[in-house]
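K.L.:
Got a predicted model here, sequence first, then my questions.
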2 protein chains.
Amino acid sequence: MREISSSTRERRKEVLLRLENFGREIYKQIEEGFFPKIIMPSRSTDNIFYDPSLRQYVLGNKRKRRSAGNIRHIRSVTQLVWMAYFVHELTLNQKTSTLRDVFYSAQAYDVPFESQDESDNIITDLESILGYAREDFNVFPEERSAVFGDLTIEYTVPNYEGRRLNLTSHPDGVMIGPALTSAEFIETSADKVIAIEKGGLFTRFIEERVHERFNAILVLLGGQAPRSTRYLIRRLNHELGLPVYIFTDADPWGMHIAMVIISGSANAAHLRDLTTPDAKWAGVWASDIVKYKLPSEKLDDIDVKRLNELARDTRYKGDPWQRELNMFMKIQRKCELEAFSRYGLTHIVDKYLPERLGELE
Amino acid sequence: MREISSSTRERRKEVLLRLENFGREIYKQIEEGFFPKIIMPSRSTDNIFYDPSLRQYVLGNKRKRRSAGNIRHIRSVTQLVWMAYFVHELTLNQKTSTLRDVFYSAQAYDVPFESQDESDNIITDLESILGYAREDFNVFPEERSAVFGDLTIEYTVPNYEGRRLNLTSHPDGVMIGPALTSAEFIETSADKVIAIEKGGLFTRFIEERVHERFNAILVLLGGQAPRSTRYLIRRLNHELGLPVYIFTDADPWGMHIAMVIISGSANAAHLRDLTTPDAKWAGVWASDIVKYKLPSEKLDDIDVKRLNELARDTRYKGDPWQRELNMFMKIQRKCELEAFSRYGLTHIVDKYLPERLGELE
């Protein structure tokens, strides 16, 4: 058993501090007799670059400047200042919200947002100013995925502060919502993380005791993983030092689910804590369709178009990406995780999983 | 606190018994020198009727007959017999599967299904023969929603048999998967169920302690509720006698989410345990948009088309359905649950919820 040090409580304090400093800076400018201005990194496409050492997209040096003294900026400056106020209240009172909910909440303050797009964009501005993801200031996604395995967590949310839960408590999996996302990791006996695209297989893995047989924490992605789930995977990797193996369907969409966990996306170039560069896409590979003679379907036009896009994407340069992209193109087939059931329900756990983990370790 | 008697273990025994009787009947016919035939209710649309006393769709008296002696039937009879065998194995060994997974599993036995549609249809045949939903023979949906509140359950799945969990254990909500679905209800202090369409609001309700302030078990629907969730709501209503209140967005899709929980759907006319006829659609109503001056959007063409379809649906005859359909048509507006946040984050819990529950109780 490994003892783990505190981190999410510190993080919350830091976010509050940055929000307060942001407000102080605005006040200071006003007191000094200036129209307050806000300087932040530009997120325009010509300022987004792939950083091979960080292995994720980052922003370049371009800055944008918003001044309350400029008639064209006054709307967005007002929105941004309100947003900072609102999420500071959320974080301080430990209440959570969603993108949609924030949009409506603005109306309680007579702050005009014409559409949710406009308020979402201001939230992203605030992320890039603070250097923290919106989940850190309590704006969470609607979607919920799950985790299961021998990890004891300690809650930091109100009413549950200090209470602990072992993530094997509920055999359907433990939901990844705000409370789990903000929990501290206390203790684990696991030595790896296995992330699975689909709910049916996640349940199969629990039933077949993969968590015990492979000493693993199991994470359900539920398709393209919600940001809270990506953040949790990163924490399992960074805080606990656990290697991460990702299993998806064998198609361009499955590949990209893995890639987004590993290296994030261009529109999160302003954030640092959502990627897990050392995570591995462990299958199902195009070459597995051949190797394991899996039932498969022909790629359709949209699949092929997507494969061509991925082939041009700088993140797909190395292996297994290039090798598997070529194999998809060659065999023109795709298949699903469940395809292993053609050899019996437990084949994927009894044969495929140990073989693949053996190859990658 | 109320003590509750056992039921899901009994149910599992009954399903196994019915599957075995189905097999015995096939054997008997063969031993007597006949080609085995299977008689089941017809699910064609001309045999589906709305039953006002049961308040759900039911099948009429038409039967279909499948005989292994008929060259056109031999394929579906073989598939059906294999399916009964396969799900008996699943249920006996307490392993779960999904519709997709069953389709692939058939290949392990060289039983031909050309598409998942074909295997899904055979599973529905088996449901109508047994009179039990596929979840009862361990074929579960991919989707997972959640529940939260003071209810102690006892697991009946392997490795957890006899272990108990209180559904306030995890403040993000407890996932509704196979283990929760098959659990026994042991004890509760709740006196109602509040079901909520969306994840953000479900979390808000937990944070605002709605479960304590309103003595409620909270259920997350996650859009159109997965069948396991509908089944859980029915059990909370039938086994525990708890009234059920459903909160959705104010639009035709939200209304129908509530209606499907209440009276099921035409394509589940062969099943009895998926509906909760006494559940109430508690809002957000079209009339609430006016009454509470909620931020709203104009209905689009697809919304209006859908409203017209619902107006012709026999289940929408009484109130609040007719009244609210008329109001939607009159005001031509729709709105979301989150719209209450225009009055502050906790308005929905502090004002709207007690007012509406007071009106309906």
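P.N.:
That came in fine, so what should we check first?
K.L.:
so where does the spatially most central residue of chain A fall, helix or strand?
P.N.:
Nearest to the geometric centre of chain A sits A:Arg230, at 2.7 Å (C-alpha atoms, centre = their mean). Per DSSP states H and E: A:Arg230 is located in helix A:227-238.
K.L.:
How about the very next helix or strand once past that helix and chain B, touching?
P.N.:
Counting by DSSP H and E, the element after helix A:227-238 in chain order, helix or strand, is strand A:244-247. No. Using C-beta under 8 Å from any C-beta of the partner chain, strand A:244-247 never reaches chain B; the gap is at least 14.6 Å. No exception for glycine: its C-beta is placed from N, CA and C like everyone else's.
K.L.:
With stretch A:180-187 instead?
P.N.:
Yes. Legend: contact between stretch A:180-187 and chain B by C-beta under 8 Å from any C-beta is shown at A:Leu180.
K.L.:
what's the distance between A:Tyr352 and B:Leu99?
P.N.:
From A:Tyr352 over to B:Leu99 the distance is 21 Å, taken as C-beta to C-beta, to the nearest Å.
K.L.:
Compare the two (neighbour count), which wins?
P.N.:
Between A:Tyr352 and B:Leu99, counted using other C-beta atoms under 10 Å in any protein chain shown, A:Tyr352 has the larger neighbour count: 21 against 18.
K.L.:
For that one, give its distance to A:Trp285.
P.N.:
Going from A:Tyr352 to A:Trp285 by C-beta to C-beta gives 11 Å.
K.L.:
picking that back up, the residue nearest to the centre of chain A and A:Ile176, how far apart?
P.N.:
Distance check for A:Arg230 against A:Ile176: by C-beta to C-beta, it reads 10 Å.
K.L.:
Likewise for A:Arg306?
P.N.:
Applying C-beta to C-beta, the value for A:Arg306 to A:Ile176 is 27 Å.
K.L.:
neighbour-wise, which of the two wins?
P.N.:
A:Ile176 (27 against 18).
K.L.:
So what sits opposite the more buried one in the bridge?
P.N.:
A:Ser145 (DSSP bridges).
K.L.:
What does the pLDDT read for it?
P.N.:
With respect to pLDDT, A:Ile176 scores 95.
K.L.:
And for A:Glu3?
P.N.:
For A:Glu3, pLDDT reads 43.
K.L.:
you'd agree A:Lys330 is in a helix?
P.N.:
Yes. Counting by DSSP: H, G, I helix; E, B strand; the rest coil, A:Lys330 is found in a helix.
K.L.:
residues in contact with it?
P.N.:
A:Lys330 sits next to A:Ala286 when contact means C-beta atoms under 8 Å, 6 or more residues apart in numbering or on different chains.
K.L.:
Walk me through the domains of chain A.
P.N.:
Taking automatic domain parsing as the criterion, chain A consists of the domains A:2-137, A:145-360.
K.L.:
With distance to B:Glu187 as added columns, please give these in TSV.
P.N.:
Shown next, in TSV, are the domains of chain A (distance: least, C-beta to C-beta, whole Å):
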stretch	distance to B:Glu187
domain A:2-137	29
domain A:145-360	17
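K.L.:
Considering the ones you listed, which stretch scores lowest in mean pLDDT?
P.N.:
domain A:2-137 (a mean of 92).
K.L.:
now check it, is it near chain B?
P.N.:
Yes. Residues of domain A:2-137 contacting chain B under C-beta under 8 Å from any C-beta: A:Gln94, A:Lys95, A:Thr96, A:Ser97, A:Thr98, A:Arg100, A:Asp101, A:Phe103, A:Tyr104, A:Ser105, A:Gln107, A:Ala108.
K.L.:
Next step: the residues you listed restricted to helices.
P.N.:
A:Arg100, A:Asp101, A:Phe103, A:Tyr104, A:Ser105 (DSSP state H).
K.L.:
In a helix, A:Ile217, correct?
P.N.:
No. If the criterion is three-state DSSP, then A:Ile217 is strand and not within a helix.
K.L.:
then stretch A:165-182 to PDB, C-alphas only?
P.N.:
Output in PDB follows, covering the C-alpha atoms of stretch A:165-182 (Å, rounded to 0.1, in the frame of the first residue of the first chain):
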ATOM      1  CA  LEU A 165     -14.500   5.600   0.200                       C
ATOM      2  CA  ASN A 166     -12.800   2.700  -1.400                       C
ATOM      3  CA  LEU A 167     -13.500   2.600  -5.100                       C
ATOM      4  CA  THR A 168     -14.500  -1.100  -5.000                       C
ATOM      5  CA  SER A 169     -17.500  -0.200  -2.900                       C
ATOM      6  CA  HIS A 170     -20.000  -0.500  -5.700                       C
ATOM      7  CA  PRO A 171     -19.500  -3.200  -8.300                       C
ATOM      8  CA  ASP A 172     -21.200  -1.200 -11.100                       C
ATOM      9  CA  GLY A 173     -18.400   1.400 -10.800                       C
ATOM     10  CA  VAL A 174     -18.100   4.700  -8.900                       C
ATOM     11  CA  MET A 175     -19.400   7.800 -10.800                       C
ATOM     12  CA  ILE A 176     -16.800  10.400 -11.700                       C
ATOM     13  CA  GLY A 177     -18.600  13.700 -10.700                       C
ATOM     14  CA  PRO A 178     -17.400  16.800  -8.900                       C
ATOM     15  CA  ALA A 179     -17.000  15.000  -5.500                       C
ATOM     16  CA  LEU A 180     -14.700  12.300  -6.900                       C
ATOM     17  CA  THR A 181     -12.800  14.700  -9.100                       C
ATOM     18  CA  SER A 182     -12.000  16.900  -6.100                       C
END
